[in-house]
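Colleague: test case, fold it:
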Amino acid sequence: MPDIVLLTATMIFIVRVNTLRKFWRLPMKNGEDRFLARRVGPGFYGEAGAGLLRRYRVSVTVPLLLDTPLTVWLVVTQRYNFLLVAQFIAMLVTTVVYSVIIAHFSYRAQAMFGCDPEPPATTMQLSMAPRRLRDHTNRAVELVILAAMLRALGLRESNYMHSTADDSDQAGHVLHGGIALTIWISYVQVGLLLLKVVFVRWRMPLPARRTDDFRQWRSAWLGYHLKVFDSIRVLFALVLVSGLWIKLLWDGWSQDSVIVACSLWIPAVIAFVVYLVRERRRLAAVERELRPIEMIKEFPRRPIPQGRFLAGGLLYVNRDNPVLLVRSAQGIAINLAHPSAYIGAAYFIGLALLTTWIVR
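Modeller: Got it, this is the predicted structure:
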């Protein structure tokens with residue numbers, strides 16, 4: 001079992017490294033005349049743009065390096081279950097962070113060196129369609145997660161109630177470990193639901209031209225990310241049930257039974273990775289066909305709002321501004337007065353406290 005868990009965590013880390021490799025080359029993906037989605041002048045990457053490119057690559061590398069000390073410590077202390085969960089959480093957090101980094105440096109490129117031969121757009125449309133989480137909820141996914149959580153609860157209670165006096169200490173240890181794992185995974189499930197809410201409610205303006213094409217790309221983009229979140233939620237629920245089941249029955253199994261049970265995780269992890277790769281390729285096919293980067297220039301440039309900017313323009317404070325991410329002179333800033341900023345900060349503080357409690 002520990003070998004399978006370590007292998008799974010290693011595969012997730014490899015996926016994170018591969019994601020970094022893709023984002024490392026992303027600025028020049030659309031040609032030497034663009035930095036991300038923004039058109040730049042000739043010789044950009046050989047002159048002033050070299051510094052911006054260097055800062056961008058440092059920024060996308062930092063998320064992978066931040067959890068390296070924790071990863072090394074979990075490997076040395078052989079806490080492979082927590083290593084697996086930590087890698088999943090890091091992968092999800094990195095997804096959100098990379099989205100903010102791309103928006104930030106795209107605005108910086110436009111503000112510092114942007115030059116577009118076409119006149120900038122002055123009008124845009126706003127989608128008034130309501131964005132509700134229930135409209136993007138897969139009932140089958142929710143039922144699987146609910147059934148898995150209830151089954152895990154039943155396994156814990158059954159083990160503790162049927163334990164004898166001789167093995168009560170062992171049963172208590174298993175129960176305590178099961179409770180910790182259940183709390184951890186439940187907290188991750190809440191975080192994934194919050195991410196789904198953020199992506200569902202993430203409003204984008206509509207271009208004045210090619211509106212239907214933009215809607216099609218936006219729907220594919222949103223669908224891809226929601227499928228990623230749901231697949232990870234299902235995998236976590238199955239990890240909880242199978243982990244408790246194997247741990248409860250471990251002592252009574254033969255070596256062959258243990259090998260067979262642990263080997264079942266290999267095709268499950270492979271299926272998970274194949275599913276994500278397939279969905280990513282489908283999104284890439286839509287992007288190659290519709291080229292959303294050509295539609296972005298339809299959006300008028302956002303003005304710098306009134307309010308207090310902190311930390312060199314990376315943070316912003318204005319309770320009257322309903323936007324979480326606003327444009328600043330340096331690129332993009334997070335509105336600390338937005339309710340979503342409070343919720344996000346509270347969640348990550350709780351995650352740090354929960355991690356500390358579990359490790360101790």
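
Colleague: mind checking the end-to-end distance for stretch 43-52?
Modeller: With Cα to Cα, to the nearest Å as the measure, the ends of stretch 43-52 fall 13 Å from one another.

Colleague: tell me which residues of it come out buried.
Modeller: Across stretch 43-52, burial judged by 16 or more other Cβ atoms under 10 Å covers Phe44, Tyr45, Gly49, Leu52. Every residue, glycine included, has its C-beta placed from N, CA and C.

Colleague: got it, and stretch 14-33?
Modeller: Residues of stretch 14-33 classed as buried by neighbour count (16+ other Cβ under 10 Å): Arg16, Thr19, Leu20, Phe23, Leu26, Pro27, Asn30.

Colleague: could you dump those residues into CSV with secondary structure added?
Modeller: Formatted as CSV, the buried residues of stretch 14-33 follow (DSSP: H, G, I helix; E, B strand; the rest coil):
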residue, secondary structure
Arg16, helix
Thr19, helix
Leu20, helix
Phe23, helix
Leu26, helix
Pro27, helix
Asn30, coil
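
Colleague: output those residues as a markdown table; include the columns distance to Leu66 and pLDDT.
Modeller: Converted to a markdown table, these look like this (distance: Cβ to Cβ, whole Å; pLDDT from 0 to 100):
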| residue | distance to Leu66 | pLDDT |
| --- | --- | --- |
| Arg16 | 12 | 87 |
| Thr19 | 15 | 86 |
| Leu20 | 13 | 89 |
| Phe23 | 15 | 88 |
| Leu26 | 20 | 84 |
| Pro27 | 22 | 83 |
| Asn30 | 29 | 71 |
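
Colleague: state the mean pLDDT of the host helix or strand of Tyr224.
Modeller: Take DSSP states H and E as the rule and Tyr224 turns out to sit in helix 211-249. For helix 211-249, mean pLDDT is 82.

Colleague: who does that helix touch, helix- and strand-wise?
Modeller: Helices and strands touching helix 211-249, by 3 or more Cβ pairs under 8 Å, 6 or more residues apart in numbering; DSSP states H and E, are helix 80-113, helix 139-161, helix 168-201, helix 255-263, helix 265-290, helix 292-296.

Colleague: could you give the angle of the first one to helix 211-249?
Modeller: The directions of helix 80-113 and helix 211-249 differ by 160 degrees, with axes from the mean of the first three to the mean of the last three Cα atoms, to 10 degrees as the criterion.

Colleague: return the distance of helix 80-113 from the chain's centre.
Modeller: 8 Å (Cα atoms, centre = their mean, to the nearest Å).

Colleague: so which bits of it are buried?
Modeller: Residues 80-95, 97-98, 101-113 are the ones in helix 80-113 that count as buried (16+ other Cβ under 10 Å).

Colleague: swap in the fifth one?
Modeller: By neighbour count, and taking 16+ other Cβ under 10 Å as the criterion, the buried residues in helix 265-290 are Trp265, Phe272, Leu276, Glu279, Leu283, Val286, Leu290.

Colleague: can I see the domain layout of this protein?
Modeller: Following automatic domain parsing, one gets these domains for the chain: 1-119, 134-301.

Colleague: show me the residue sitting in the middle of the chain in space.
Modeller: Against the mean C-alpha coordinate of the chain, by Cα atoms, centre = their mean, the closest residue is Leu92 at 2.5 Å.
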